[in-house]
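Trainee: Next input, structure requested:
(one chain, ligands or ions: 2)
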Amino acid sequence: MSVNTTQSLWDRPHGYGLVSRVLHWLMAALFAVQFVSAIFHLVDRQLPLTKAIWSVHYSIGLTLFILVIIRAVWGVMNLRTRPLHGHGLLGLASLVGHLALYALMIFVPGVALVRAYGGGRGFSAFGVQIFQPGASDEAMVAPAHLLHGPAGWALLALVAGHIVMVFVHKHLWQEDVLGRMTRGRQDDARIRRPAATGRPVEQN
Ligand code: HEM
Ligand code: HEM
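Mentor: Numbering: from 1, shown residues only. Ligands and ions are numbered 1, 2, ... in the order given. Sure thing, here's the model as predicted:
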């Protein structure tokens with residue numbers, strides 16, 4: 001039985017499968033909440049709104065950490081069939097950009113969780129205790145004090161660049177990479193460049 005690209009759970013060369021797309025957009029939404037909480041925390045920790053939204057920072061952070069591990073494993077399982085990164089220097093830049101996103105998606109919550117474990121006060125998420133209070137270990141606490149915030153902001157900057165590149169692909173280079181992650185199908189045939197205006201137009 002043949003399964004078309006849109007319905008496939010697995011990634012295909014012309015589009016991401018359902019599992020990758022659900023993980024990508026679910027995590028993008030959770031990252032949006034996570035960055036909003038970090039911005040409020042940076043601006044004014046005493047605001048009632050900051051206290052309300054900051055209360056989810058730990059639980060969503062742990063959720064993102066679990067999801068990125070699942071996503072990385074799924075990505076490796078699909079490595080041979082997922083869309084290519086293109087050729088030449090731009091293809092390499094895209095590959096490096098995606099790898100850097102993964103590195104930071106793992107490092108940022110990972111280093112904070114190590115701090116929470118080594119901090120001696122225990123750690124709860126969604127009201128469930130994940131680590132019991134224990135002895136405090138400075139070597140587990142220091143890296144996050146130094147790097148969790150800066151690496152979190154670097155991740156936000158990289159995400160902004162990632163989003164800009166999606167629209168550069170579409171509007172400058174007429175490549176429908178967004179379709180790979182929305183419809184599960186890159187559909188460049190839908191975009192043509194009329195000779196008169198040089199601007200791309202969508203065809204139905
Ligand atoms: C991918 C997930 C995460 C992102 C993107 C993220 C991002 C950030 C950012 C940008 C800041 C700096 C805010 C400021 O400058 O005031 C911050 C602070 C903080 N985050 Fe996270 N975070 C994540 C996960 C976690 C987790 C899992 C924990 C707890 C285990 C945590 C605990 C904290 C704490 C305690 C602070 C304040 C102290 C500090 O800046 O290191 N975060 N986070
Ligand atoms: C409005 C927000 C976003 C848009 C429009 C968007 C769009 C896309 C598109 C079109 C692709 C496919 C690119 C290709 O195949 O060359 C993609 C892949 C990817 N995106 Fe995003 N993205 C967004 C947010 C995010 C966020 C918040 C993250 C992570 C923090 C992220 C991480 C990734 C990664 C790692 C890939 C590579 C495929 C994978 O392993 O899942 N994206 N994104």
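Trainee: Please make it C-alpha for all contacts and neighbour counts, starting now.
Mentor: Fine.
Trainee: For the protein, which residues score under the pLDDT cut-off?
Mentor: 1-7, 189-204 (pLDDT under 70).
Trainee: Run through the strands of it in chain order.
Mentor: Using DSSP state E, the strands of the chain run over 123-125, 128-131, 191-192, 201-202.
Trainee: What sits closest to the one residue in the chain that gets nearest to ligand 2 if chain neighbours are left out?
Mentor: Closest to ligand 2 within the chain is residue 178: 3.4 Å, counting by C-alpha to the nearest ligand atom. Using C-alpha to C-alpha, 6 or more residues apart in numbering and skipping the chain neighbours, the partner closest in space to residue 178 is residue 166 (6.5 Å).
Trainee: ok, the one you found - how many residues close by?
Mentor: The local packing of residue 166 (other C-alpha atoms under 10 Å) involves 14 other residues.
Trainee: Figure out how far the longest helix along the chain is from the centre of its chain.
Mentor: Counting residues, the longest helix in the chain under DSSP state H turns out to be helix 138-171. Centroid separation for helix 138-171 versus its chain: 10 Å, with C-alpha atoms, centre = their mean, to the nearest Å.
Trainee: Which parts of it count as buried, going by neighbours?
Mentor: Counting neighbours by 16 or more other C-alpha atoms under 10 Å, one finds that the buried residues in helix 138-171 are 140-142, 144, 148, 151-153, 155-156, 158-159, 162, 167, 170.
Trainee: wait, does stretch 95-112 make contact with ligand 1?
Mentor: Yes. Using C-alpha under 6 Å from any ligand atom, stretch 95-112 reaches ligand 1 at 105, 108-109, 112.
Trainee: Quick check: end-to-end length of stretch 84-91?
Mentor: Terminal residues of stretch 84-91 are spaced 8 Å apart (C-alpha to C-alpha, to the nearest Å).
Trainee: meant to ask about stretch 76-96, not that
Mentor: Counting by C-alpha to C-alpha, you get 15 Å between the two ends of stretch 76-96.
Trainee: buried set for that stretch?
Mentor: Quick answer for stretch 76-96 (16+ other C-alpha under 10 Å): 78, 81-83, 94.
Trainee: Give me the distance between residue 45 and ligand 1.
Mentor: For residue 45, the distance to ligand 1 (C-alpha to the nearest ligand atom, to the nearest Å) stands at 8 Å.
Trainee: I'd say that residue and residue 55 touch.
Mentor: No. The pair residue 45 / residue 55 is not scored as a contact, 11.4 Å apart, by C-alpha atoms under 8 Å.
Trainee: Any idea how many residues pack against the residue lying closest to residue 69 once chain neighbours are set aside?
Mentor: Leaving aside its sequence neighbours, residue 69 sits nearest to residue 106 (C-alpha to C-alpha, 6+ apart; 7.6 Å). Neighbours of residue 106 under the rule other C-alpha under 10 Å: 18.
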